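>>> Give me the fold of what follows.
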Amino acid sequence: MKKLRTIRPFIFITVLLSTAMACAAADGLRLHPDNPHYFLWRGKPAVLITSGEHYGAVLNRDFDYVKYLDTLAADGLNLTRTWTGGTYCEPFGAFNISENTLAPKEGKFLCPFARSDKPGYRGGGNKFDLERWDDAYFARFRDFVKQADARGVIVEVNLFCPFYEDGMWVLSPLHPGNNVNGVGSGLSRTNVYTMDRNSGTLAIQEKLVRKLVAELRDFGNAYFEICNEPYFGGVTLDWQRHIAGVIEEAQKIGRFTVMNGQSSGSKLPESDREDMEVFLGRIVQLLPVLGCDLLTPILDAGSGGAKLRLTGKIKGATAQGQRTAKGFVVFANSEAVTTLRPSAPSYIIEAREELKKDGALAADGEKLRFSRDTEFSSPSMAGAIICGGHVNGLTFWRNKDGRELKEIEGA
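This is a model prediction of the structure:
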């Protein structure tokens, strides 16, 4: 078997806010507790090393990823990057890369979204239906991560990539000419990853992220890169922060290590690496001051003391929790009603279903019960899950003396 073709080395710098990592397994990849500039995996310190650019391992039906992973392992490499194909692929000849796996041949592009019965996709075949998933894609996606895990390989899942040229944008499932849902009408490639000029694509991006997070929840050898090379193509920082929040909300519990997975293109001199270590330490101190607390641990259920414990009650269901730096944590054994209100919006319905699927919320007689401490983005979101519909969290949650959270925080 030939050695892997080396395209360019890249160094992963833990700078924050570009990549979100979420590992569910107890021995999954995480930051080392004694030195967060390094990793811990399967109980041992780990350095991630790789070379090669088979980024289309999943989205390209023709690519033999088992052979590729075997070669990685045989060469002593323990990391690979893969693009999801949900928004991005490349035309033949892009970047003058021969046998580019991100440029599948006609009919070989596999996407998270299912094909419709309407022809017209610019890359060949039918257009995409952004309301339906392709089961074959997710079976291949999960198997890729599983096969990597069996060989001791970490998978960096690249969620999004900027469109460097119009020839890439016209192949995206989000392009209005490639889907049957009317998404992306009038949208230019430099506005896809924005909060206010995305022409309806943001909702699809959020849906895709939630699905991918759910698919990888049981794997300990994968983490998410929000966007490859976000300094190109109009990718905005507000959008990156928003997607990080979607990942966090989708996971529902625990904190996520946030890294920058950008390629440097060269090795840093030792003196520069030392300067970077100092810079990183200052960033960790500065983030909470700026209101960014992705590295702040969730408070333990018993750490806040009785005076911080809050209770919410509705129709015989009782829940307890407390404020956190990021929002609100509902404690294990808290109860929720089983019936959704007719006015419950889709995001609450979907969030409850994800909690059930994850095992965090399960039926217990005529109620639902939380199996573990679960954090939400706000007291209102926590209350909405418990009540099965919209609720004002500032008035729903009360302390042991009956004082509302609104009153407590206003005191």
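>>> Can you give me every residue that contacts residue 83?
Applying C-beta atoms under 8 Å, 6 or more residues apart in numbering, we find residue 83 in contact with 55, 56, 58, 59, 89, 102, 158, 161, 228. Any C-beta I mention is one placed from the backbone N, CA and C, and that applies to glycine too.
>>> and with 10 Å instead?
Residue 83 makes contact with 54-60, 89-90, 101-102, 157-161, 225, 228, according to C-beta atoms under 10 Å, 6 or more residues apart in numbering.
>>> With residue 199 instead?
Residue 199 neighbours (C-beta under 10 Å, 6+ apart): 174, 176, 182, 183, 184, 185, 186, 187, 188, 191, 192.
>>> Now it. Nearest residue, chain neighbours left out?
Distances taken as C-beta to C-beta, 6 or more residues apart in numbering put residue 187 closest to residue 199, at 3.9 Å, once the chain neighbours are dropped.
>>> Any idea how many residues pack against residue 309?
Close neighbours of residue 309, defined as other C-beta atoms under 10 Å, add up to 16.
>>> quick one: it from residue 369, how far?
Residue 309 sits 18 Å away from residue 369, going by C-beta to C-beta, to the nearest Å.
>>> on that earlier part again, hang on, isn't the residue nearest to residue 199 packed against residue 200?
Yes - between residue 187 and residue 200 there is a contact under C-beta atoms under 10 Å: 8.2 Å.
>>> intersection of neighbour lists for these two?
174, 176.
>>> Can you tell me what sits against stretch 356-370?
Outside stretch 356-370, the residues that reach it (C-beta under 10 Å, 6+ apart) are 24, 213-214, 217-218, 250-253, 315-321, 330-339, 351-355, 371-374, 385-386, 388.
>>> check contacts around the residue nearest to residue 199.
Applying C-beta under 10 Å, 6+ apart to residue 187 gives the contacts 169, 172, 174, 175, 176, 194, 197, 198, 199, 200, 201.
>>> Count the residues that sit near the third one.
Translated: residue 174. Around residue 174 there are 27 other residues, counting by other C-beta under 10 Å.
>>> Now for it: which residues touch it?
Residue 174 neighbours (C-beta under 10 Å, 6+ apart): 86-88, 113, 128, 130, 163, 181, 183-184, 187, 189, 192, 198-201, 204-205, 208.
>>> Sort out for me which of these are in helices.
The helices, defined by DSSP state H, take in 201, 204, 205, 208 from those.
>>> pLDDT score for the second one?
Note on residue 204: pLDDT of 95.
>>> Give me the neighbour count for the residue lying closest to it once chain neighbours are set aside.
Leaving aside its chain neighbours, residue 204 sits nearest to residue 130 (5.3 Å; criterion: C-beta to C-beta, 6+ apart). The number of residues packed near residue 130 is 27, by other C-beta under 10 Å.
>>> Contact partners for residue 130?
Counted by C-beta under 10 Å, 6+ apart, residue 130 has contacts 86, 111-114, 116, 173-174, 178-184, 200-201, 203-204, 207-208.
>>> ditto for residue 140
Contacts of residue 140 (C-beta under 10 Å, 6+ apart): 57, 58, 59, 61, 65, 110, 134.
>>> Name the helix or strand of this structure that has the lowest mean pLDDT.
Across the helices and strands of the chain, mean confidence by mean pLDDT, DSSP states H and E is lowest for strand 257-259: a mean of 40.
>>> on that earlier part again, between the contacts of residue 187, which is nearest residue 343?
residue 200 (23.6 Å; C-beta to C-beta).
>>> Can you give me the distance of residue 116 to residue 127?
Between residue 116 and residue 127 the computed distance is 5 Å (C-beta to C-beta).
>>> Could you pull out the residues contacting both of these two?
Each of 179, 180, 181 lies in contact with both residue 116 and residue 127 under the rule C-beta under 10 Å, 6+ apart.
>>> re the thing from before, looking at the contacts of residue 130, which are in strands?
If you go by DSSP state E, these have 113, 114, 116 in strands.
>>> so what's the first one closest to, chain neighbours aside?
Spatial nearest neighbour of residue 113, chain neighbours left out: residue 128 (4.4 Å); criterion: C-beta to C-beta, 6+ apart.
>>> partners of that neighbour in the sheet?
residue 115, residue 179 (DSSP bridges).
>>> The closest residue to residue 227 other than its chain neighbours: neighbouring residues, count only.
Excluding its sequence neighbours, the residue lying closest to residue 227 (C-beta to C-beta, 6+ apart) is residue 160, at 4.5 Å. Neighbour count for residue 160, taken as other C-beta under 10 Å: 25.
>>> I'd guessed residue 160 sits against residue 232; true?
No - contact between residue 160 and residue 232 fails when scored by C-beta under 10 Å: they sit 11.6 Å apart.
>>> pretty sure residue 313 belongs to a strand, no?
Yes - judged by DSSP: H, G, I helix; E, B strand; the rest coil, residue 313 forms part of a strand.
>>> Next, work out how far apart it and residue 373 are.
From residue 313 to residue 373 the distance is 19 Å (C-beta to C-beta).
>>> Comparing these two, which residue is more hemmed in?
Per other C-beta under 10 Å, whichever of residue 313 and residue 373 has more neighbours is residue 373, with 21 against 15.
>>> For that one, report the pLDDT, please.
92.
>>> just the one 4 residues further on next, same as before
Residue 377 carries a pLDDT score of 79 in this model.
>>> Throw the ones in helices among the contacts of residue 174 into CSV and include neighbour count and distance to residue 71, thanks.
Below are those laid out as CSV (neighbours: other C-beta atoms under 10 Å; distance: C-beta to C-beta, whole Å):
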residue, neighbour count, distance to residue 71
201, 24, 36
204, 21, 35
205, 21, 33
208, 22, 29
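>>> what two of those residues are the furthest from one another?
Using C-beta to C-beta, the ones in helices among the contacts of residue 174 reach their maximum pairwise distance at 201 and 208, which is 10.1 Å.
>>> shared neighbours, the two?
87, 130, 173, 174.
>>> Out of the residues you listed, which is nearest to residue 403?
Proximity of these to residue 403 (C-beta to C-beta) peaks at residue 130, which lies at 46.2 Å.
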